[in-house]
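[1] Sequence and predicted structure below; questions after.
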Amino acid sequence: MSLLSSEGPTIVTWLRLLLGVCIALLGMVSTRPAKAQDPDAAEVSEALSETQVEFFEKEIRPLLVSHCLECHASDTEASGGLVLDSREGWRLGGDSGAAIVPESPDEGSLLRAVAYEDPRLQMPPDGKLSDDEISAVRRWIEMGAPDPRSSSVPLGSRESTALPLERSQEHWAYRPIEPAADPARIGIGSTSRIDSFLDSSMADHGVSPAPRVSRGALLRRLMFDLHGLAPTIHELTEFEQDDRPDAVARQVDRLLASPRFGERYGRHWLDVARFGESLTLRGLVLPNAWRYRDFVVESFDLDLSYDQFVRQQIAGDLYAADARATETDAADSGAADVPQGLDEVTWRQHQVAATAYLALGNNNLEDQDKQQLEMDIIDEQLDVIGKGLLGQTISCSRCHDHKFDPIPTADYYALAGILKGIRTVKHANVSDWIDVDLPMSDEQRSLLAAITSEVATGKERLKQFDLDIAALKARMNGELPATLANVPLPVDVLPGVVLDDSQATAVGDWTFSQYSKRYIGEGYRHDANESQGMKTLTFAPEALPPGRYEIRFAFNHGDSRASAVPVTVFSADGEREVIVNQRVEPPIDGRWVSLGEYRFEPNGQCYLLISNTNTNGFVIVDAIQFLPLDADSANTAPASEEAEAEAAAENAALRRDLAALEGERKSLSDQIAEWEQQLALRPRSIGVVETGAGADVAIHVRGNVHNLGATVARGFPRFVSVDVPVPNSTASGRRDLAAWLTDAQQPLTHRVMVNRLWLWTMGQGLVRTPDNFGTTGQSPAHPELLDDLVRRWRAWDTEPKQLVRAIVLTDAYARAWTSSPSEEVSDPDNLWWWRGERRRLDAESLRDAMLQVSGELWLRRGSEALPAKLKEDYGFESASPVRSVYLPAFRNAINDLLAAFDMADPSVVVGQRNRSTVAPQALALLHDPWVRERAEVAARRLLTEGPALGADEELLGRDAGGEERLDPRVARANELIATACVRTWGRRPLESEQDALRSFLLEQGFGEGSSAEAASRDLALMTELMQTLFASIEFRFLE
């Protein structure tokens, strides 16, 4: 059978392809066998999802303990007959009926009581719960009120349900990695060591393996699993023609060496790291978070050892600062040699950017209780470390000892102390994340320092330019420009006769100041709000020409100023007192208040006195201005022609000077803007910084940051024994945490990641609860295989590609998804891996494959920096044809198509995505404008480029001699259909499928005529066909 042959599932009729309702029905298939239901499953915690159990433990149990059990426990009189310390208690309800109706929060009495909706029923009686607590209760009930507690062990019981620390080794996940298995024990005749374990298990359970998939289906599976993309026609053809025994291994090596591998497996890790580029709070955009994504993709691309990968995410900034570590130090500290393929500067930048792992949490930065915010951030960090790296729900121990696993509250706060030694946010009304500078080369640092210095100097020069230009304009126009409104003014730029405060005769001690910058001359004076009635300032101009003048008084206003300052003017008309309110802004240019008009005569009195008599605040005195109001006082005698010429020449010179100054200023301003653009390119990343000293923290009683218990020394969980020094007092302890996480004595980190790599490659993990290796998670069906893979992986220096290669070259990986009645009864969950896992393409692969088929996919490496002006993510849409992994991961603007097909929630750790099959998915493929546009572009490409693959001779309508038997348009339709199917399905259509698709096209006139109208019709028909192929099971699922 040819590689491009039509093996595989069929589409029965073209009507099934055409009608959207039928396509929707095609989507309503199960992606995994149904699991037998235990009638008592609702009574055990294992029946609940990890998310449900965690929500109860973190949000509901502490609330019940703190506010309810004093009156509503089984060992009390149970007020109102309602017992809340067991699942059975609240199910029975109280005297007033049902307290909780699962999934219907408004029907039971509990939510009404805690929300204080009924004046006769308000609980707890000593004060209403917070809005967040009430919201948590509502959400819990909406979830179905999941309660993992046993009916026999009430919440208030002193009997602990947790596995004690001293017995932690009883649980498989906390035991050391088992020694190598006896080869005779794991089977004979298997093609690989992995298959030996699986074959042995199948034999023990009487299960027979399914056959291998076809060669074409295997290549499609490999391409999507390792690259997230479909095989091209060229790749399919080349693989068909490769008859060497190691052809599959060659394909695997080719795929692992491609940059597409890093993008594919990097996307898997980003789910675990809850990677997002915005916060749901206000939609705030994290402009430099993309650097973490690039670090992750690059790490998988370069096959960075997982131990190093983990260390960098915990303490990469510390290792980058220790770039000169010796080889011995590097092995212990994580500084590490520069990976092959990277220069040193890029690697150090990646190290710092890696710490965004700790900073990407979707936290409420608006919280005004900053102590609470800091602890919430630490809790979120412990959650991503616990689930992501250890498969442990550590954060369930924040308020109380873990109810299931050997994680006491003291161990939680021992770890919290390490993270308390770093800063993740800068506090403000709305706290801000921290963008850290990334390392640069010596040349880059020198250039940056030089540019920074030039910018600072240039900005000072700009200020002087502004003053000089404003002064020139003032001389030319006789008025104060707006640019001088808030800066010191020299006396000589002002019209009239101006006396600065330094020219006044003082009585008493007046204080000189320059604090407020809106002053005249060198500064201003104030009376220090002391010795009222004992201080005066007298202003007396020399040789003031006789005439009428307006007198103005300059001061800076403020609430601390005097509201009634007496100013007395002595003129030819006598003396006049004016009261000035210095708490009000002066009305003239924000500097001056007019004291009125006065007449002065030769040899007459001409002075002004300012006093602090009976004043109620600071008296401010800056300057006095005499503005002439008539020709005599302005000395404006008729000008001679010579004087007019001199004035004109002076004005012309001023204009030339002004033009020159403005030109110089513009040139400097443009240069500064260019420099600042260069400074903006300085690489930064969201991250964390050390506070400078380590500090142990106290236990927060019941999780309350304001109710502190005993202080706990920093350290590590005690459920495993690892010989790693505890953090010292001079640092946070992140280096020590990184060492503990990757120590060979600590089995969880490697077990968890080996399981993730198996899951990402095979579709299910050896442990089916990848984020929970605790006692409420599922145990592995193949513990010996899991530990064997861990040992082998460690021998490969924990490099991901080696392990992935070993997995995909197994018989187990190549098995078909098939249904066998006997095997389905014996192993409905496929625990023994007797068949393949039938999997739908994940959301990103679905989108990327459509772009690939349409010829639009942009295989550019690396993320794009977000636009500088983009501050919020609300309503953001990206039309970029880049791979989905590089689309902005905005938490309030998730791509609709990706969301419909179960893209991971970027706010929480997601070790395994949901696999829903719901009507909106089919509707999205039918009605989403983006999908329709991809189908049209794919159709136009097909019609423009023509067939890239000929149909079989029989389908083309040729006889044995090669002579045509059918209409040319029939042959062309067959060729186009064959190309379309191979591009979308990875195989040729079956004859029945070919007939149905061809009938759909030809019966509606495809290929008839050559007019523009005919071309438009052909495009519309081919668009319908391509969109139907996109919606088909064959496109969306891997066989």
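    Structure's in. What do you need? Numbering: from 1, shown residues only.
[2] Beyond the least confident helix or strand in the chain by mean pLDDT, next helix or strand please.
    Ranked by mean pLDDT, DSSP states H and E, the helix or strand of the chain with the weakest confidence is helix 20-27, at a mean of 38. The element immediately downstream of helix 20-27 (helix or strand, assigned by DSSP states H and E) is helix 50-55.
[3] The stretch 651-800 of the chain: helices as residue ranges?
    Assigned by DSSP state H, counting those that start in this stretch, the helices in the stretch 651-800 of the chain fall at 734-741, 748-762, 783-795, 800-808.
[4] Return the distance of the shortest one from the chain's centre.
    In this case it means helix 734-741. 24 Å (Cα atoms, centre = their mean, to the nearest Å).
[5] Repeat that for stretch 502-519.
    On Cα atoms, centre = their mean, the centre of stretch 502-519 falls 55 Å from the chain's centre.
[6] ok, residues contacting it?
    The contact list for stretch 502-519 (Cβ atoms under 8 Å, 6 or more residues apart in numbering) reads 485-489, 521-528, 531, 534-540, 554, 556, 558, 590-591, 610, 612, 621-622, 624. From N, CA and C alone the C-beta is placed, and that goes for glycine too.
[7] rerun that using 6 Å as the cut-off
    Outside stretch 502-519, the residues that touch it by Cβ atoms under 6 Å, 6 or more residues apart in numbering are 486, 488, 523-526, 528, 531, 534-539, 556, 622.
[8] Equivalent analysis for stretch 127-144, please.
    For stretch 127-144, contacts defined as Cβ under 6 Å, 6+ apart pick out 59-60, 63, 100, 102-103, 105, 111, 114-116.
[9] which among those end up buried?
    59-60, 63, 100, 102, 105, 111, 114-115 (16 or more other Cβ atoms under 10 Å).
[10] Inside helices: which ones of those residues?
    Using DSSP state H, the members of the buried ones among the contacts of stretch 127-144 that fall within helices are 63, 111, 114.
[11] Next up, the contacts around the first one.
    Going back to what we said before, that points to L63. Neighbouring residues of L63 by Cβ under 6 Å, 6+ apart: E133.
[12] repeat for the second one
    When contacts are counted by Cβ under 6 Å, 6+ apart, L111 touches 105, 137-138.
[13] again with the last one
    Under the criterion of Cβ under 6 Å, 6+ apart, the contact partners of V114 comprise 123, 129, 134, 137.
[14] want to throw these into TSV with secondary structure?
    As requested, those are arranged in TSV below (DSSP: H, G, I helix; E, B strand; the rest coil):
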residue	secondary structure
M123	coil
L129	coil
I134	helix
V137	helix
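[15] Now which of those residues would you call buried?
    Using 16+ other Cβ under 10 Å as the burial test, the contacts of V114 include 123, 129, 134, 137 as buried.
[16] State the phi and psi torsions of the closest residue to T769 other than its chain neighbours.
    In this structure, T769 finds its nearest non-sequential neighbour in G777, 3.7 Å apart by Cβ to Cβ, 6 or more residues apart in numbering. Main-chain torsions, G777, degrees, to the nearest 10: phi -80, psi 170.
[17] what's the answer for A904, then?
    Here is the backbone geometry of A904 (degrees, to the nearest 10): phi -60, psi 140.
[18] All further residue positions should be reported with the first residue as 47.
    Got it, the first residue is 47 from now on, which makes the last one we talked about A950.
[19] List the residues that contact it.
    Neighbour list for A950: 317, 956, 959 [criterion: Cβ under 6 Å, 6+ apart].
[20] sorry, back to before: return the closest of the buried ones among the contacts of stretch 173-190 with respect to D389.
    Distance to D389, by Cβ to Cβ, is smallest for E105 among these, at 47.0 Å.
[21] Closest to G740 out of the ones in helices among the buried ones among the contacts of stretch 173-190?
    Nearest to G740, judged by Cβ to Cβ, of these is L109 at 32.6 Å.
[22] Give me the pLDDT value at that closest one.
    Note for L109: predicted pLDDT of 83.
[23] which element is the residue nearest the centre of the chain on?
    Most central in the chain under Cα atoms, centre = their mean is G322, positioned 2.2 Å from the mean C-alpha point. Assigned by DSSP H and E, G322 belongs to no helix or strand.
[24] Next, it: phi, psi?
    Main-chain dihedrals, G322, degrees, to the nearest 10: phi -150, psi 150.
[25] Spatially nearest residue to it, not counting backbone neighbours?
    Leaving aside its sequence neighbours, G322 sits nearest to P952 (Cβ to Cβ, 6+ apart; 3.7 Å).
[26] how near is that neighbour to L332?
    Taking Cβ to Cβ, to the nearest Å as the measure, P952 falls 11 Å from L332.
[27] Does V665 touch V611 like I think?
    Yes. Between V665 and V611 a contact is recorded at 5.4 Å, counting by Cβ atoms under 6 Å.
[28] one step back: ok, the buried ones among the contacts of stretch 173-190 vs R300, which is closest?
    E105 (48.4 Å).
[29] about what we covered before: of the buried ones among the contacts of stretch 173-190, just say which sits nearest to Y595.
    Nearest to Y595 among the buried ones among the contacts of stretch 173-190 is A161, at 73.2 Å by Cβ to Cβ.
[30] Show me where the stretch 147-296 of the chain has its strands.
    Here the stretch 147-296 of the chain has no strands by DSSP state E, counting those that start in this stretch.
[31] pLDDT below threshold where in it?
    The model of the stretch 147-296 of the chain has pLDDT under 70 over residues 196-207, 227-236.
[32] Where do the domain boundaries of this structure fall?
    Following automatic domain parsing, one gets these domains for the chain: 47-75+963-1085, 87-205, 310-485+734-847, 531-683.
[33] Tell me the gap between the second one and the middle of its chain.
    Right, the one you point to is domain 87-205. Here domain 87-205 is found 33 Å from its chain centre; the criterion is Cα atoms, centre = their mean.
[34] go on, the last one?
    Put simply, domain 531-683 sits 59 Å off its chain's centre (Cα atoms, centre = their mean).
[35] ditto for the longest one
    When C-alpha coordinates are averaged (Cα atoms, centre = their mean), domain 310-485+734-847 and its chain have centres 16 Å apart.
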